[in-house]
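Peer 1: Build the 3D model from these lines:
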Amino acid sequence: MTRYISAFKYIVLLTIGIALLYLAFRGQDVDQLISDLKKADYKWVLASVAACFLAHILRAVRWRMMIISLGHGNPSLLNTSYAVFIGYMANVAFPRMGEVSRCGVINKTDRIPIVKLIGTVIVERIVDLLMLMIVIALGIMLQFDLLSDFLYNNVVAKLNDSTVNFTILLFAVLILVFAIGFFYLLMKKEKWGIRNKLFKLFVEMRSGILSVKDLNNKTGFIICSIAIWFLYGLSTYLCFFALGSTAGLGMLAALSVLVFSSLGMIVPVQGGIGAFHYMVSEGLIVYDIARSDGLAYALLIHSSQTLLVLFGGAISVILLMIRPSKKPHDEQA
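Peer 2: Sure, this is the predicted structure:
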């Protein structure tokens with residue numbers, strides 16, 4: 001039954017991604033788009049990919065700091081880098097699967113409890129959310145007139161629509177009903193020991209979540225977090241020069257596009273497909289970039305970064321397979 005549910009979820013999310021992709025490319029001249037991509041200067045694309053690669057390595061460095069603070073082992077930077085790339089590769093196929101996948105890799109290579117590792121990933125996601133909020137705030141403050149109109153027309157105005165409001169309300173009611181039903185069953189089925197298992201799971205995960213307060217190098221953790229997002233912005237900026245239509249855009253535009261692309265990647269579809277392209281192309285219209293040119297840029301940067309994680313993830317899997325590994329510490333988890 002679980003397999004059918006997972007397959008259904010995968011199909012639904014993939015359908016949503018394809019629909020968003022169709023919405024983004026609807027009415028566009030595909031031949032012109034292909035022509036623009038052929039004319040692109042790919043040395044700038046490679047520079048953009050290099051910046052993104054460094055960001056992924058720094059993410060592995062930052063995560064390693066948190067894992068060490070757990071006190072269960074000292075994984076090598078190589079292992080955490082493998083895990084990060086495998087996690088990104090998993091996200092291309094199954095949204096949010098990457099977080100669990102990379103924890104499974106470190107559990108396999110260094111015998112660190114997977115539940116505690118998940119706790120560290122939760123902290124990472126919270127930190128990234130805070131960084132995204134800072135980036136959005138900076139973008140709005142530095143380009144208030146441009147971004148305020150865009151966010152109003154594409155977010156606030158849509159939220160004022162009665163149909164959207166009803167959908168959000170219905171979604172909230174369903175979540176509430178599910179939560180109440182879950183806790184009701186939890187209280188009724190004490191004989192199954194579910195409560196004790198969940199409590200134990202929470203305690204183990206809590207130590208991972210609190211690992212950030214035991215960091216030996218908090219300054220390094222903060223610097224890594226800032227540098228990761230700086231490199232994301234630099235990757236966005238460098239890719240501008242690959243196309244003649246976007247070559248004249250500056251760092252402030254890169255900051256805005258970083259906001260647009262990040263919001264697109266939040267949508268739970270495989271690898272941000274469709275949502276990324278739509279948000280980036282719509283956002284670039286603010287800078288008088290034609291939608292077709294914006295789509296060409298979105299396709300170029302998204303495809304190059306996706307190829308990076310697919311290639312990096314595949315290499316990581318191969319390298320892990322050809323070397324001996326330790327027995328997992330908690331196979332049941």
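Peer 1: use CA for all of it now, contacts and neighbours both
Peer 2: Will do.
Peer 1: Okay, now the unreliable bits of this structure?
Peer 2: 1-37, 95-96, 148-214, 267-272, 324-333 (pLDDT under 70).
Peer 1: buried ones in the longest helix along the chain?
Peer 2: For the chain, the helix with the greatest residue count under DSSP state H is helix 291-321. Neighbour counts over helix 291-321 (16 or more other C-alpha atoms under 10 Å) mark 291-302, 304-306, 308-310, 312-314, 316-317, 320 as buried.
Peer 1: swap in stretch 68-79?
Peer 2: So stretch 68-79, judged by 16+ other C-alpha under 10 Å, has buried residues 68-70, 75-77, 79.
Peer 1: Could you single out the nearest of those to Lys116?
Peer 2: In terms of C-alpha to C-alpha, no member of those lies closer to Lys116 than Leu70, at 7.8 Å.
Peer 1: could the buried residues of stretch 68-79 be laid out in JSON lines, adding secondary structure?
Peer 2: Listed next are the buried residues of stretch 68-79 as JSON lines, based on DSSP: H, G, I helix; E, B strand; the rest coil:
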{"residue": "Ile68", "secondary structure": "helix"}
{"residue": "Ser69", "secondary structure": "helix"}
{"residue": "Leu70", "secondary structure": "coil"}
{"residue": "Pro75", "secondary structure": "coil"}
{"residue": "Ser76", "secondary structure": "coil"}
{"residue": "Leu77", "secondary structure": "helix"}
{"residue": "Asn79", "secondary structure": "helix"}
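Peer 1: so what's Ser304 up against?
Peer 2: Residues in contact with Ser304 (C-alpha atoms under 8 Å, 6 or more residues apart in numbering) are 45, 49.
Peer 1: and it, how far is that from Val135?
Peer 2: Ser304 is 23 Å from Val135, where distance means C-alpha to C-alpha, to the nearest Å.
Peer 1: So what angle separates the directions of the helix or strand where Met265 lies and helix 291-321?
Peer 2: Per DSSP states H and E, Met265 falls inside helix 251-266. Interaxial angle, helix 251-266 versus helix 291-321 (axes from the mean of the first three to the mean of the last three C-alpha atoms, to 10 degrees): 60 degrees.
Peer 1: Give the next helix or strand downstream of helix 251-266.
Peer 2: In N-to-C order, the element after helix 251-266 by DSSP H and E is helix 275-284.
Peer 1: what packs against that following helix?
Peer 2: Packing partners of helix 275-284 (3 or more C-alpha pairs under 8 Å, 6 or more residues apart in numbering; DSSP states H and E): helix 2-25, helix 251-266, helix 291-321.
Peer 1: For Ala50, which non-adjacent residue is spatially closest?
Peer 2: Ser235 (7.8 Å; C-alpha to C-alpha, 6 or more residues apart in numbering).
Peer 1: Tell me how many other residues surround Ser256.
Peer 2: 27 (other C-alpha atoms under 10 Å).
Peer 1: Can you tell me what sits against the helix or strand containing Met89?
Peer 2: Met89 belongs to helix 77-93 when assigned by DSSP H and E. With contact meaning C-alpha under 8 Å, 6+ apart, helix 77-93 is reached by 56-57, 59-61, 63-64, 97-103, 105-106, 109, 270-271, 306, 309-310, 312-314, 316-317, 320.
Peer 1: got the angle for the helix or strand that comes right after that helix vs helix 77-93?
Peer 2: Scanning forward in sequence from helix 77-93 by DSSP H and E, the next helix or strand is helix 97-110. Relative orientation of helix 97-110 versus helix 77-93 (the same axes, to 10 degrees): 150 degrees.
Peer 1: Can I get helix 97-110 in PDB? Just the C-alpha atoms.
Peer 2: Provided in PDB are the C-alpha atoms of helix 97-110 (Å, rounded to 0.1, in the frame of the first residue of the first chain):
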ATOM      1  CA  MET A  97      13.800  12.800  -0.400                       C
ATOM      2  CA  GLY A  98      17.300  14.200  -0.500                       C
ATOM      3  CA  GLU A  99      17.300  15.100   3.200                       C
ATOM      4  CA  VAL A 100      16.700  11.500   4.200                       C
ATOM      5  CA  SER A 101      19.000  10.100   1.500                       C
ATOM      6  CA  ARG A 102      22.100  12.100   2.700                       C
ATOM      7  CA  CYS A 103      21.400  11.100   6.300                       C
ATOM      8  CA  GLY A 104      21.300   7.500   5.100                       C
ATOM      9  CA  VAL A 105      24.700   7.900   3.400                       C
ATOM     10  CA  ILE A 106      26.400   9.100   6.600                       C
ATOM     11  CA  ASN A 107      24.700   6.400   8.600                       C
ATOM     12  CA  LYS A 108      26.200   3.900   6.200                       C
ATOM     13  CA  THR A 109      29.700   5.300   6.000                       C
ATOM     14  CA  ASP A 110      30.200   6.500   9.700                       C
END
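Peer 1: ok so, going back, from Ile112, how far out is the residue nearest to Ala50?
Peer 2: Noted for Ser235: a distance of 33 Å to Ile112, by C-alpha to C-alpha.
Peer 1: More neighbours: these two, which one.
Peer 2: More crowded of Ser235 and Ile112, by other C-alpha under 10 Å: Ser235, with 27 against 24.
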